[in-house]
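>>> I need the structure of the sequence given here:
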Amino acid sequence: MLTPARAGVEGYWSENPFLIVPHIIKEYYIGFWTAMSHWGMTEQIPITISVATTKRKRPVKYGGQTFKFVTLSKRKFFGFMKERIDNQTFNISAKEKTIVDGLVFPQHCGGMSEVTKAIWNSRKELDWNKLLAMAKRMSIDATLRRLGYILHLLQIEPEISHSLAKQDWHGLRFLDPTAPKKALSYSKEYGLILNISDNKLTSWRGT
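Numbers count the residues shown, from 1 in each chain. All right, here's what the predicted structure looks like:
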């Protein structure tokens, strides 16, 4: 059981570590791989609680749980909502922002293969117009390139993948920034250096 991380909360305790975060930091949202697990986008249960914030903060260990803080600029700090557990609330990235954050920061989400799996598992629940708007709002063109490529690979949302394939991309970006910087192939449509194979991206599908 975890108790509040600071004084002033009377008669309250929780077994859920998400409810501890508001007592550690004010401006935050639970995100990345942790949010993917919460939304059922992955069967993996991350050991560390990943928290987005706008201020640098060292990892915190409390009650046997580790909280890792990922610093985002004010421009990228959006797209979260309140969830409720045990009559208490906490901030967590919306499903669409969870995917967008994964495309930008796969290193905090178990890699691009996990992000691809999350997109597939949540494909029927996502508001794709909202997701696309959030991806554009990040102002990182690699986000849109990776989104288009993965949608094309998974053969879902063809209108979005086709529209992104028609963009006049300048230069090349790596498909997976966490993988070795070695080109296996290239995608002219999305302006990507393919440094991870399609088979590895979809290895979660099994044989």
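
>>> switch to C-alpha atoms for all contacts and neighbour counts from now on
Fine.

>>> Within the sheet, what are the partner strands of the worst-scoring helix or strand of the chain on mean pLDDT, with directions?
Ranking every helix and strand in the chain by mean pLDDT, DSSP states H and E puts strand 60-62 at the bottom, with a mean of 89. Strand pairing for strand 60-62, determined by DSSP bridges: strand 65-71 (antiparallel).

>>> So which bits of the partner strand are buried?
F67, K68, F69, V70, T71 (16 or more other CA atoms under 10 Å).

>>> Dump the C-alpha coordinates for that strand into CSV.
Extracted C-alpha coordinates of strand 65-71, given in CSV (Å, rounded to 0.1, in the frame of the first residue of the first chain):
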residue,chain,number,x,y,z
GLN,A,65,7.8,2.2,-6.9
THR,A,66,10.0,4.2,-9.3
PHE,A,67,8.6,7.4,-10.9
LYS,A,68,10.5,8.6,-13.9
PHE,A,69,10.0,12.2,-15.1
VAL,A,70,10.2,13.1,-18.8
THR,A,71,10.7,16.9,-19.4
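
>>> Mean confidence (pLDDT) on the helix or strand N91 falls within, please.
N91 belongs to strand 88-93 when elements are defined using DSSP states H and E. Strand 88-93 carries an average pLDDT of 96.

>>> all strands of the chain, in order?
Applying DSSP state E to the chain gives strands spanning 28-30, 49-53, 60-62, 65-71, 80-85, 88-93, 173-174, 185-187, 192-194.
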